[in-house]
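Undergrad: For reference, the sequence and a predicted model appear below.
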Amino acid sequence: MKKIYIICALVFGLQIQAQQIKIIKGDIQFKDLAYIDATETYLKVAKKGYKSVELFQKLGDSYYFNANLKEANKWYEELFALNQPVQGEYYYRYSQTLKATEDYKKADEFLDKFYKLSTNDIRANLYNKQRDYKKAIDKNSGRYEVKSTSVNTRKSDYGTAFFGDKVVFSTSRDTTGFSRVQTRWTNQSFTNFYVSKKTEESDLINPERFSKTINSKFHEDTPVFTKDLKTVYFTRNNYTEGKIGRDDKQIINLKLYKAVLNTDGKWENVIELPFNSNSYSVAHPALSPDEKTLYFASNMPGTNGQSDIFKVAILGDNKYGTPVKLSNDINTEARETFPFVTQDNELYFSSDGHQGLGGLDVFVTKINPDGSIGKIINLGTPINGPMDDFAFIIDNSTRKGYFSSNRTGGKGLDDIYSFTEKEPLVFDCKSELTGIVTDKENGAILAGSDVSLFDDKFNLLSKVTTDEKAAYQFEVKCGQKYYIRVERPDYETKETNLTIPESAGKEDLPIAISKNLKEIKPGTDLAKTFNIKIIYFDLDKSNIRPDAQVDLAKIAEVMNQFPTLKVDVRSHTDSRQTASYNEKLSNARAKSTIDWLVKNGIAKERLTGKGYGESQLINHCEDGVNCSEDEHQMNRRSEFIILEM
């Protein structure tokens, strides 16, 4: 994506070995973002057979930050083929380039490694929470009809803005004074604003220069206009009143400017906004529906990564509040940029920090009335693809708009595409969570039970009482995790959780609860009463394991509570091994169980027991029958049957 990136001031620490003298020239150019020349220098070194982590990192980075992800992929592949330690960041960058080649399986493998190396990284945690991101993207795909526009040239055309019934965009098509004004990192002329008419089919035609007073000999980029079309905010290189501003590294950063339309129809009073700085970039403005808030992208101090999205209050009279970074729900350690806000307070932005299809993808979220951010949604194909997709704008009334991309098959370096949204996203997707509460032992319905709903942070959201049919019901949000707690007198409190599917529907969650007061009588199996499936022994042994002693202590406690109670201990195995072996082993285990209870205070005459081996299977898993481990487990059980009370 060869355009004004918000990050035009990246500087990398360089560790040059003495014998790599030829790399030095490239290093100097690399610091100044003269990517093309630096890359040529590195390539010459690499073609002569030199290999090093540093060399392949620089080659990969040169292409990566110049948005040539497929070429970057080749050099990152060489980097990892060295099998030498590299920073965790390179696992992420390599994964992004693998997506550009549509090798999503390998991309996920490197994202897994990135997560293990960078557990505090926002991007790593987003991936860990969204490991099925490709499936979610597929669900959102196919909702747009996309067409290339007629204004595209072999140069860069991108960054559209609505201007009444016209569209203003940025382009590097001008070559007047090319040798004087070309950018140092793309070898393309600096971009200027053009304005184009819209056809009924949303094509852009008859482009012409927009404004002599706004267009300068440096970059102008990504404008946004107020509703009355009398004020424009836009991005420009640090250039005011004929003077160039540089930071302490002599880099010309980006700034936001404002201009107003006079009564003669000319743009005047071009001023820079007060929160600009020579030390960092501020770019890509967007306005809130009430035009009281300006959103933008920046790498100012406090930024998570390469660029974050900020907002600032517009106070009037050319006064502004203090810029505030949006939450980490949006901003990551990578690039969040090109914001656009609709009249419905939907925030569209581009990012390569959230999980996508490769390069920059377009995402959308809802800005809630309290300023909080809703769920982040990837727009899917055909808006997004393996390369950079960005600068998305949409007209709420027509559901038509434009975006920019450097995708394969385009006419130039970056192209402008029109789209029509055929099916809108459902931002407030809601589902119905229902169920009934029953007695776990006998299946009886339990009307009057209290059911509470908690979010994933255990904040109480709602509490209901089951109706006469023991039913409960909650309205829940799609894709969210919830905890459900059931409480009832004389019953054990039970809590369970589930994640609601991404699409709207009805989720049924029946909940069975157990009595606190356990009813016992002759014939009762105390193992079932206390949910003891089996008294565990080590393989082919009959000694009582420490974990089994906890369950046996429950049996001993009941027998102490009822001094006249007598119990028959029964041990069963599955059908694997021979019948004689299983009988002998189960007898030994029944005896060990009785011995443990006697040792812990239960009179021996109150206990009987026997091992039944495989003679009392409770399913079809006999010798020679192919059964699952779970099916065999059903037959491996311990029973404590009450004989007398």
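TA: Received it, and whenever you're ready, just let me know what you need. Numbering: from 1, shown residues only.

Undergrad: When you work out contacts or count neighbours from here on, use the C-alpha atoms and nothing else.
TA: Noted.

Undergrad: residues in contact with the nearest residue to Val569 once chain neighbours are set aside?
TA: Spatial nearest neighbour of Val569, excluding adjacent residues (CA to CA, 6 or more residues apart in numbering): Gly609 at 4.2 Å. Counting by CA atoms under 8 Å, 6 or more residues apart in numbering, Gly609 touches Asp568, Val569, Arg570, Ala590, Lys591, Ile594.

Undergrad: how about Lys515, what does it touch?
TA: Counting by CA under 8 Å, 6+ apart, Lys515 touches Asp439, Asp490, Tyr491, Glu492.

Undergrad: same check, this time on Gly60
TA: Glu71, Ala72, Asn73, Lys74, Trp75, Tyr76.

Undergrad: tell me which residues in whatever helix or strand the last one lives in are buried?
TA: Assigned by DSSP states H and E, Tyr76 belongs to helix 69-81. Applying a neighbour-count criterion of 16 or more other CA atoms under 10 Å, the buried positions in helix 69-81 are Leu69, Lys70, Glu71, Ala72, Asn73, Lys74, Trp75, Tyr76, Glu78, Leu79, Phe80.

Undergrad: Same check on stretch 634-645?
TA: The neighbour-count check on stretch 634-645 (16+ other CA under 10 Å) flags Met634, Asn635, Arg636, Arg637, Ser638, Glu639, Phe640, Ile641, Ile642, Leu643 as buried.

Undergrad: got a list of contacts for that stretch?
TA: For stretch 634-645, contacts defined as CA under 8 Å, 6+ apart pick out 521-528, 532-535, 562, 564-574, 614, 617-619.

Undergrad: List the ones among those residues that fall in strands.
TA: Those of the contacts of stretch 634-645 mapping onto strands are Lys566, Val567, Asp568, Val569, Arg570, Ser571, His572, per DSSP state E.

Undergrad: Could you point out which of those residues is nearest to Asp61?
TA: Nearest to Asp61 among those, counting by CA to CA, is His572 at 64.4 Å.

Undergrad: The closest one: neighbouring residues, count only.
TA: Neighbourhood size, His572 [other CA atoms under 10 Å]: 27.

Undergrad: quick one, strands of the stretch 201-350 of the chain?
TA: Using DSSP state E, counting those that start in this stretch, the strands found in the stretch 201-350 of the chain span residues 204-209, 220-225, 231-237, 239-240, 243-244, 254-261, 267-272, 282-287, 293-298, 308-316, 319-320, 324-325, 336-341, 346-351.

Undergrad: So which elements touch the last one?
TA: If I follow you right, that is strand 346-351. Under the contact criterion of 3 or more CA pairs under 8 Å, 6 or more residues apart in numbering; DSSP states H and E, strand 346-351 touches strand 336-341, strand 361-366, strand 389-395.

Undergrad: okay, the longest one in CSV with CA atoms only?
TA: The one in question is strand 389-395. What follows is strand 389-395, C-alpha atoms only, in CSV (Å, rounded to 0.1, in the frame of the first residue of the first chain):
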residue,chain,number,x,y,z
ASP,A,389,-7.9,-2.9,2.4
PHE,A,390,-8.6,0.4,4.0
ALA,A,391,-10.2,3.9,3.8
PHE,A,392,-13.8,2.5,4.0
ILE,A,393,-16.7,5.0,3.8
ILE,A,394,-20.4,4.2,3.5
ASP,A,395,-23.6,6.3,3.0
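
Undergrad: Show me what the helix or strand following that strand is packed against.
TA: Sequence order places strand 400-405 as the next helix or strand after strand 389-395, per DSSP H and E. Using 3+ CA pairs under 8 Å, 6+ apart, the elements in contact with strand 400-405 are strand 157-163, strand 389-395, strand 415-421.

Undergrad: residues in contact with strand 400-405?
TA: With contacts defined as CA under 8 Å, 6+ apart, strand 400-405 is touched by 1, 157-160, 202, 383, 387-395, 414-421.

Undergrad: Can you turn the buried subset of these into a selection I can paste into ChimeraX?
TA: Selection of buried members from the contacts of strand 400-405 for ChimeraX, criterion 16+ other CA under 10 Å:
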select :1,157,158,159,160,202,383,387,388,389,390,391,392,393,394,414,415,416,417,418,419,420,421
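
Undergrad: Helices of this protein, start to end?
TA: Ranges of helices in the chain, per DSSP state H, are 23-31, 35-47, 53-64, 69-81, 88-100, 104-117, 122-129, 133-140, 178-181, 526-529, 546-561, 579-599, 629-635.

Undergrad: which one of those is the most hemmed in?
TA: Of the helices of the chain, the one with the most neighbours on average (mean count of other CA atoms under 10 Å) is helix 88-100, at a mean of 24.

Undergrad: Give me the buried positions along stretch 157-172.
TA: 157-163, 167-172.

Undergrad: so which of the helices and strands packed on strand 346-351 comes closest to Asp108?
TA: Between the helices and strands packed on strand 346-351, strand 361-366 lies closest to Asp108; by CA to CA that is 16.7 Å.
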